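*Asks:* Okay, sequence plus prediction incoming.
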Amino acid sequence: MMDASTAGAPVPRERLSLRISDFLFERPRLLILLLLGAPLLWIGVVYVGSLLAMLTQSFFSIDEFTGQVVYEFTFKTYAQLFRPSNLDIIVRTVIMATCVTITGALIAFPIAYYAARYASGRVKALFYIAVMLPLWSSYLVRVYAWKLILANEGVLNWGVEQVGLSPVRDAILALPVIGGASLSFSYIGTFLVFVYLWLPFMILPIQASLERVPLTMIEASGDLGARPRQTFRKVVLPLAIPGVVAGSIFTFSLTLGDYIAPQIVGSSRLFLGQAVYVYQGTAGNLPLAAAFSVVPILVMAVYLVVAKRLGAFNAL
Amino acid sequence: MRSDGARSTIGLRIGAVAGLLFLHLPLALIFLYAFTTEEKSYAFPPPDYTLKWFAVAWERQDIWNAMALSLQVGITATVAAIILGTLAAAALARTRFFGREAVSLLIILPIALPGVVTGIALRSAFDLAEIPFSFWTIVLGHATFCVVVVYNNAVARLRRTSPSMMEASLDLGADSLQTFRYVMLPNLATALLAGGMLAFALSFDEVIVTTFTAGQQSTLPIWMLTELVRPRQRPVTNVVAVFVVAITLLPILGAYYLTRGTEQVAGQGK
């Protein structure tokens, strides 16, 4: 860095704006503070303030008779959280998030691998846009699409009947727990929607990590006598793991917090996000809703610590 | 890594194409159902096709109101996000100071945590502070997660812009404001525009946080959600869905073209 004061020194009287500039240039910390002031105030007050408000709410409780929130410190609400029915919701959601993440990674990998390794020019741009569009837009529309697909009179059942697979469908729907009256009212339906919704979040980080695998490394592996399959398993795959983990942060976190998708496609048994929504809305139990939303924060905190160890943040 | 002329296996190609189809075919169905004559169920294949739902949707005042609200919220939140995101990016892009990591984590937090957490947190705060739901409570929520989008775009661009340009401008006698206006802004402009467009698309489409901050007001996604839970004229919902896809598609494509190829400008290579 050069010395700013020498630049302006010979000039006896400067414009005020220049003097301010020099003043700030010599005090980078003050400049940072001025720049950060507004955004920090916003995020700090609005967001962190809200999170603290939520945490505070979770230590209040609701009066069982009047239904009014009692603004006094208590652990009663957290005790409610650990009732078996509520624990069920948490376990169910975490299992769903795990299944969605694993399936998402399996579907995403070939797309990411092809885009990173074989596609170039126009095809690569096409792949990128095709993945990015659903990432940024029309969340609700995409959930809605699955309501159309899975409806009893919808396209999936139509297709199943065309090829005569309805016994298979009925057998799957008859399965305990994951089955249901129809696909759009079962866990299978919810699962499909989640996998579909979060797939782009998985593809992009995997592709990014695969693109960073140097070609020379793959050639070296081949030169040293590895067959393509071995190279893939011993060289490419381990280097892609940080990308998979980075993607799983999104799929996991998004599944934990979503309450729209299981409400539109799914059984009547609640997921975590739905529980938060129901308790704050119709039940009017804001403290329990707040306590419920502390759960995904804790789960994600643990998840992020593990992900950091696996090098996921370098792949973001 | 770049294509080395090696051929992909047929299995990989099938996997990749099938994956992309899985990602996009369901949306095609939304378009198809906007033209169906069947309004009580999702019968496939549609018995017949009609354009009348577009006319019906056009006449519906509730849709227009919801759209107007969504546009206003989107634009206001985007403007706020561009200002705050740029400031944060300028402060954090090339500096080292105590607490920098914490600050950048703080800015990313609203999208790292599940949306329902952001929603309930804001709802709790409004409840405790006794703030009634209004246009501004929606904007507050949207701007909070839109800041990240602008910030990410601006930071990426600033890291690729050489700091010597700024120093040269200062050496040549420009003040900070002039340097910002004539040197940094032209460099940043497309990144900010792209970030702003993505932020708008995100806000226009947002439903999870909005349900907690809107009260009785209805943005377009909330209107759609109500229709999904209690359907009235199903094809009208599809018409609106097609419209929502179209209106978010344009800014996203715009953002892509604005930031495309900027990695090569600084000569960093792959």
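*Replies:* Yes, it's here.

*Asks:* Next, work out how far apart residue A:306 and chain B are.
*Replies:* Remark: distance between residue A:306 and chain B (C-beta to the nearest C-beta, to the nearest Å) = 15 Å. Backbone N, C-alpha and C define where each C-beta goes, glycine included.

*Asks:* Residue A:298 now?
*Replies:* Look at residue A:298 and chain B: by C-beta to the nearest C-beta, they are 11 Å apart.

*Asks:* cool, residue A:77 as well?
*Replies:* Residue A:77 is 13 Å from chain B, where distance means C-beta to the nearest C-beta.

*Asks:* Please give the element, helix or strand, for the closest residue to chain B within the stretch 101-250 of chain A.
*Replies:* The nearest approach of the stretch 101-250 of chain A to chain B comes at residue A:110, 3.1 Å away (C-beta to the nearest C-beta). For residue A:110, the element it lies in under DSSP states H and E is helix A:84-117.

*Asks:* Give me the three-state assignment for residue B:30.
*Replies:* Per DSSP: H, G, I helix; E, B strand; the rest coil, the secondary structure class of residue B:30 is helix.

*Asks:* List the residues that contact the residue in the stretch 201-316 of chain A that chain B sits nearest to.
*Replies:* Here the stretch 201-316 of chain A gets closest to chain B at one residue, residue A:257, 2.0 Å apart by C-beta to the nearest C-beta. Contact partners of residue A:257, counting by C-beta atoms under 8 Å, 6 or more residues apart in numbering or on different chains, are A:272, A:273, A:296, B:113, B:114, B:115, B:116, B:117, B:208.

*Asks:* per the record, what domains does chain A have?
*Replies:* A:4-47, A:81-314 (automatic domain parsing).

*Asks:* For the closest residue to chain A within the stretch 51-200 of chain B, give me phi and psi.
*Replies:* Closest residue of the stretch 51-200 of chain B to chain A, C-beta to the nearest C-beta: residue B:114 (2.0 Å). Residue B:114 adopts backbone torsions of phi -60, psi 140, taken as degrees, to the nearest 10.

*Asks:* How about residue A:281?
*Replies:* As for residue A:281, its main-chain torsions (degrees, to the nearest 10) stand at phi -90, psi -100.

*Asks:* burial measure for it, as a count.
*Replies:* When neighbours are defined as other C-beta atoms under 10 Å in any protein chain shown, residue A:281 has 14 of them.

*Asks:* Repeat that for residue A:92.
*Replies:* Applying other C-beta under 10 Å, we find 17 residues neighbouring residue A:92.

*Asks:* Helix or strand: which one has residue B:110?
*Replies:* helix B:100-112.

*Asks:* and the next element down the chain from that helix?
*Replies:* helix B:115-129.

*Asks:* Where does pLDDT dip in chain B?
*Replies:* B:1-7, B:261-270 (pLDDT under 70).

*Asks:* Can you verify my assumption that residue B:16 contacts residue A:116?
*Replies:* No. Residue B:16 is beyond contact range of residue A:116, at 10.6 Å (criterion: C-beta atoms under 8 Å).

*Asks:* what about the two, which has more around it?
*Replies:* Remark: of residue B:16 and residue A:116, residue A:116 carries more neighbours, 24 against 21, as counted by other C-beta under 10 Å.

*Asks:* Chain neighbours aside, what residue packs nearest to that one?
*Replies:* Nearest residue to residue A:116 in three dimensions, chain neighbours excluded: residue A:210, at 3.7 Å (C-beta to C-beta, 6 or more residues apart in numbering or on different chains).

*Asks:* ok so, going back, list the contacts for the residue of the stretch 101-250 of chain A closest to chain B?
*Replies:* Residue A:110 is in contact with B:12, B:15, B:16, B:19, counting by C-beta under 8 Å, 6+ apart.

*Asks:* can you check residue B:159 too?
*Replies:* Residues near residue B:159 by C-beta under 8 Å, 6+ apart: B:93, B:94.

*Asks:* Secondary structure element for it, which one?
*Replies:* For residue B:159, the host element (DSSP H and E) is helix B:135-160.

*Asks:* relative to helix B:135-160, how tilted is the very next helix or strand once past that helix?
*Replies:* Sequence order places helix B:163-171 as the next helix or strand after helix B:135-160, per DSSP H and E. Comparing the axes of helix B:163-171 and helix B:135-160 via axes from the mean of the first three to the mean of the last three C-alpha atoms, to 10 degrees yields an angle of 100 degrees.

*Asks:* is any part of helix B:163-171 close to chain A?
*Replies:* Yes. Using C-beta under 8 Å from any C-beta of the partner chain, helix B:163-171 reaches chain A at B:167, B:170, B:171.

*Asks:* now the strands: where do they sit in the chain?
*Replies:* This is for chain A. Assignment of strands within chain A using DSSP state E yields the ranges A:61-62, A:69-70.

*Asks:* wrong chain, I was asking about chain B
*Replies:* Going by DSSP E, chain B shows no strands.

*Asks:* quick one: the helices in it?
*Replies:* With helices called from DSSP state H, chain B shows them at B:10-33, B:52-59, B:61-92, B:100-112, B:115-129, B:135-160, B:163-171, B:176-179, B:185-205, B:210-213, B:220-229, B:234-259, B:262-265.

*Asks:* can I get the ones you listed in CSV with distance to residue A:64?
*Replies:* As requested, the helices of chain B are arranged in CSV below (distance: least, C-beta to C-beta, whole Å):
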stretch, distance to residue A:64
helix B:10-33, 45
helix B:52-59, 46
helix B:61-92, 38
helix B:100-112, 34
helix B:115-129, 19
helix B:135-160, 30
helix B:163-171, 62
helix B:176-179, 60
helix B:185-205, 39
helix B:210-213, 24
helix B:220-229, 29
helix B:234-259, 40
helix B:262-265, 59
